[in-house]
Each structure stands twice: as structure tokens, then as C-alpha cells.
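S.K.: Structure here, sequence nowhere to be found:
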């Protein structure tokens with residue numbers, strides 16, 4: 001009984017810590033002026049809308065009969081979810097070292113506050129754009145909402161696990177920050193955002209399906225388009241990669257928590 005109450009008290013403290021860090025992060029990133037924290041989801045919405053407009057004006061082809069707007073929204077929203085999370089965690093400990101004077105503030109709390117903020121922004125953006133385009137008749141509602149939700153959670157898990165691992169590694173080596181920038185741009189076109197796996201030759205299909213995020217995007221689109229979309233994915237494989245990254249991320253985070261010294 002004592003252990004349960006102690007665990008409950010610890011969880012309550014960590015919730016307050018993460019809540020406070022979230023508020024600090026919102027004010028630091030977006031300030032109190034103009035639309036403030038609304039930039040959290042307006043920013044990814046603007047990016048997705050920009051890509052959608054460019055694709056539509058250019059008459060881009062993605063190897064299917066699916067509407068370009070629907071293809072862009074499902075593809076680029078998912079990219080913003082998993083790609084921006086590592087961007088926020090890499091190099092995040094240095095600017096927050098002074099907070100480590102407080103014994104309740106841990107490295108994982110700093111990661112958690114940034115990941116919740118980034119994931120929340122991408123999610124709100126995706127939901128708002130989907131509802132908006134559905135309301136004006138540019139895209140149809142998802143055929144299977146549960147699949148869309150599950151795919152989104154899998155992509156979020158991948159983003160969180162990758163961000164924790166790279167964020168912790170970046171505290172030991174500056175090269176992680178320099179490598180991730182170019183790597184994220186190279187992964188962008190390979191992530192499944194701009195193509196259907198089914199439209200690729202068999203050899204290319206095997207190659208892109210090595211990347212775990214492609215499986216999430218394919219499942220997301222199957223949930224959206226179902227009967228008009230032939231998806232290629234293996235969620236067990238994606239879950240295995242995410243589990244491995246999560247364990248590595250937690251282990252590395254625990255290791256650097258013992259090494260970082262508040263200034």
C-alpha cells in the first residue's frame with residue numbers, strides 16, 4: 001500500500017514538472033504576442049497547405065488515382081509528426097541545464113515536454129486539415145477511423161523513440177546534430193509521403209519497406225482510402241524497431257542523466 005501511494009505521489013510531481021516545462025516551452029517558442037501558442041499547429045498546417053498547393057498547381061503525379069490533396073495531407077502530416085520530434089530533442093539539454101538544479105526536473109522530463117508539444121501540434125494540424133478538406137468536399141472522410149488512429153499512434157511512437165535516442169546521443173557527441181539535419185532531408189522523400197509503395201518496382205518496394213515510417217504511412221492511407229488503395233506494411237516489424245529504439249533511448253537517457261551537470 002505504501003509503495004502504491006509513493007508511486008502515486010511521484011507521478012503527481014512529475015506531471016506538475018512536465019506541465020510547467022510545457023508552459024515554459026510554449027512561452028519560449030511562441031511568446032505572448034500575435035497568435036502565441038496557436039503557432040503550435042498553424043505552423044505545420046501552413047507547411048502542409050503549401051505542399052498541397054504546389055502539388056495541385058504542378059499537377060504532380062504520385063502513381064495512383066487518389067486525390068492529390070488527400071495524398072499530400074496524409075503524407076506530409078505524418079512526416080511532420082516523426083521528423084520534427086528529433087529536431088526538438090537534439091541539443092535540448094544544454095539550454096535547460098539551469099533547470100536541473102531542481103531535483104525533480106530530469107532529462108526525460110525535458111524530452112517529454114518537447115515531444116508532447118511537437119506531437120500535439122502535428123496532431124491538431126492533421127485533424128483540422130482533414131476536417132476542413134472533408135467539409136468543403138475536397139477529400140472523403142476516412143473509411144476506417146480506427147486504422148487511421150492506430151497508424152498515427154505508431155508514427156508518433158516512432159518519432160518519440162527516435163527523438164529520445166538521438167536527443168540523448170547528441171549530449172555525448174555534437175556530430176549527431178550535424179548528421180541528423182541532412183539525414184532527415186534524405187529520409188523525407190523516402191518516407192512514403194510522396195509515393196505509393198504499390199507503384200514502385202518490387203526491388204524498390206523491398207528497399208523502402210526497410211524504413212519503419214513507410215509502414216505507418218501505408219497503414220494510415222489504407223485507413224483513409226481502404227477500398228481504393230493497396231497498402232504494403234508490416235506493423236509487427238515497425239513495432240519491433242520502435243521497441244528497440246525506445247529501449248535504447250531510455251537506456252541512453254538514463255546514462256546521460258548521471259553525467260549532465262547543472263550550470
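M.R.: Thanks, I have the structure now. Here the structure is a predicted model, which is why all the values come from computation and not from measurement. Numbering: from 1, shown residues only.

S.K.: What is the burial count for residue 175?
M.R.: By other CB atoms under 10 Å, 10 other residues sit near residue 175. Glycine gets a C-beta too; all of them are placed from N, C-alpha and C.

S.K.: Quick check: the gap between it and residue 181.
M.R.: 11 Å (CB to CB, to the nearest Å).

S.K.: again, but for residue 25
M.R.: 21 Å.

S.K.: same deal with residue 241?
M.R.: Residue 241 is 22 Å from residue 181, by CB to CB.

S.K.: likewise residue 237?
M.R.: Taken as CB to CB, the span from residue 237 to residue 181 is 27 Å.

S.K.: Ok, residue 160 next?
M.R.: Counting by CB to CB, the gap from residue 160 to residue 181 is 20 Å.

S.K.: Settle it for me: which of these two has more neighbours?
M.R.: Between residue 160 and residue 181, counting by other CB under 10 Å, residue 160 is the more crowded of the two (25 against 12).

S.K.: Setting the sequence-adjacent residues aside, check what's closest to the more buried one.
M.R.: In this structure, residue 160 finds its nearest non-sequential neighbour in residue 115, 5.3 Å apart by CB to CB, 6 or more residues apart in numbering.

S.K.: That neighbour reaches residue 88, doesn't it?
M.R.: Yes - if you go by CB atoms under 8 Å, residue 115 and residue 88 touch, sitting 7.1 Å apart.

S.K.: okay, and the common contacts of those two?
M.R.: By CB atoms under 8 Å, 6 or more residues apart in numbering, residue 115 and residue 88 have these common neighbours: residue 163.

S.K.: related to what we said a few turns ago, neighbours around the residue nearest to residue 160, how many?
M.R.: Residue 115 has 22 neighbours, counted by other CB under 10 Å.

S.K.: residue boundaries of the strands in the stretch 51-200 of the chain?
M.R.: Assigned by DSSP state E, counting those that start in this stretch, the strands in the stretch 51-200 of the chain number zero.

S.K.: pLDDT weak spots in it?
M.R.: 55-66 (pLDDT under 70).

S.K.: Which residue ranges of it form helices?
M.R.: Applying DSSP state H, counting those that start in this stretch to the stretch 51-200 of the chain gives helices spanning 68-89, 107-135, 145-170, 175-190.

S.K.: and the angle for the shortest one with helix 68-89?
M.R.: With axes from the mean of the first three to the mean of the last three CA atoms, to 10 degrees applied, the angle from helix 175-190 to helix 68-89 works out at 170 degrees.
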